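Colleague: Would you be able to build a 3D model of this:
(one chain, ligands or ions: 1)
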Amino acid sequence: MKDALGSVQSVLVLGANSDIAQATVRKLVERRARTVVLAVREPASVEPFAEELRRLGATSVTTIAFDAHDTDHHGAFVDDAFALAGDVDLAILAFGVLGDQEEAERDAAAAIEIAQVNYLGSVSTAVPISQRMQQQGHGTIVTLSSVAGERARRSNFVYGSSKAGMDAFFQGLGDALVGTGVHVMIVRPGFVHTKMTAGMDPAPLSTTAEAVADAIVRGLERGTETVWVPSTLRYVMSVLRHVPRPIFRKLPI
Ligand SMILES: NC(=O)c1ccc[n+]([C@@H]2O[C@H](COP(=O)([O-])OP(=O)(O)OC[C@H]3O[C@@H](n4cnc5c(N)ncnc54)[C@H](OP(=O)(O)O)[C@@H]3O)[C@@H](O)[C@H]2O)c1
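Modeller: Residues are numbered from 1 along each chain as shown. Below you'll find the model as predicted:
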């Protein structure tokens, strides 16, 4: 349960090696989160971060194996993760792959990898998490969508379409959960300097994992439904959404 001041006390992170997730969880532990469950493909890989959280004051930090592809076992995975946490105030779905657009246009397996991890993995974990949170009577699901899903661009439409699908799913899930005590917050960052984008030319209005984490924490405090990072992207995209396709496809974005 959140504490008397409304701060999150227990966090479950799916894709806990994500730079954005780690920046966010650090800030939450600094704000009194005490129980953290870190779900990653290779639990040993997240142990240094678990140690860091213990040093920052978290009293229970555990790791658990999680693969977004493993949809048959996501129900059991969520049960195990909730058993480790006891009670989950906040679940952050931060796993994702950018993939290689050119390869995905040639090779169906590469396109399927992006769609499976980003879309199917999100749907498959969010359903049991939302069920468990409804049983608790409270909880927040934060999902990392993307500006890329707002309107698919020629340059990365495979990734963009996977984010569009998962974003639409979470909008509907958030609507379905109104009145249950469970809240959904969709985060739509633009280009973020993380290991996912390492070596790429930054897009306009690029930002950092720290800035996304600050926006997530602020959104949690306010109960926001949709968070754009930076916030100006909301207005940029509301214009770009209406640009005719023959022009849009020629824009250097
Ligand atoms: N960086 C950006 O510009 C940007 C912009 C908008 C949205 N986002 C979204 O924000 C989220 C976090 O991104 P980030 O920038 O923090 O990226 P990141 O540091 O590369 O983290 C992504 C994480 O996803 C995990 N992952 C990949 N495939 C997985 C699978 N099959 N099962 C479980 N975990 C898997 C990876 O875990 P391993 O440690 O196992 O490899 C990795 O730690 C992603 O959903 C991304 O699409 C990023």
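Colleague: Report the closest residue of the stretch 1-150 of the chain relative to the ligand.
Modeller: Per C-beta to the nearest ligand atom, residue 96 is where the stretch 1-150 of the chain lies closest to the ligand, at 2.3 Å. Just so you know, the C-beta spots here come from the backbone N, C-alpha and C atoms, and that holds for glycine as well.
Colleague: State the distance from that residue to residue 156.
Modeller: 13 Å (C-beta to C-beta, to the nearest Å).
Colleague: Give me the more crowded residue out of those two.
Modeller: residue 96 (24 against 19; other C-beta atoms under 10 Å).
Colleague: Grab the nearest non-local neighbour of the more buried one.
Modeller: Excluding the flanking residues, the one nearest residue 96 by C-beta to C-beta, 6 or more residues apart in numbering is residue 118, at 5.3 Å.
Colleague: likewise residue 154?
Modeller: Distances taken as C-beta to C-beta, 6+ apart put residue 249 closest to residue 154, at 5.1 Å, once the chain neighbours are dropped.
Colleague: Quick check: the gap between that neighbour and residue 210.
Modeller: The gap separating residue 249 from residue 210 is 33 Å, by C-beta to C-beta.
Colleague: Who has more neighbours out of these two?
Modeller: Just comparing residue 249 and residue 210: by other C-beta under 10 Å the higher neighbour count belongs to residue 210, 16 against 11.
Colleague: Mind pulling up the pLDDT for the more buried one?
Modeller: Model confidence at residue 210, given as pLDDT, is 98.
Colleague: Which of the helices or strands spans it?
Modeller: Secondary-structure assignment from DSSP states H and E places residue 210 in helix 209-222.
Colleague: can you pull the buried residues of that helix?
Modeller: 209-217, 219-220 (16 or more other C-beta atoms under 10 Å).
Colleague: between those residues, which is closest to residue 187?
Modeller: Set against residue 187, the nearest of the buried residues of helix 209-222 by C-beta to C-beta is residue 216 (6.0 Å).
Colleague: Report the secondary structure state of the closest residue to the closest one other than its chain neighbours.
Modeller: In space, and not counting its chain neighbours, residue 216 is closest to residue 24: 5.0 Å by C-beta to C-beta, 6+ apart. What DSSP: H, G, I helix; E, B strand; the rest coil gives for residue 24 is helix.
Colleague: I'd like the numbering to begin with 99 instead of 1 from here.
Modeller: All right, first residue 99 from here; so that's residue 122.
Colleague: Give me the pLDDT for residue 122.
Modeller: Listed pLDDT for residue 122 reads 98.
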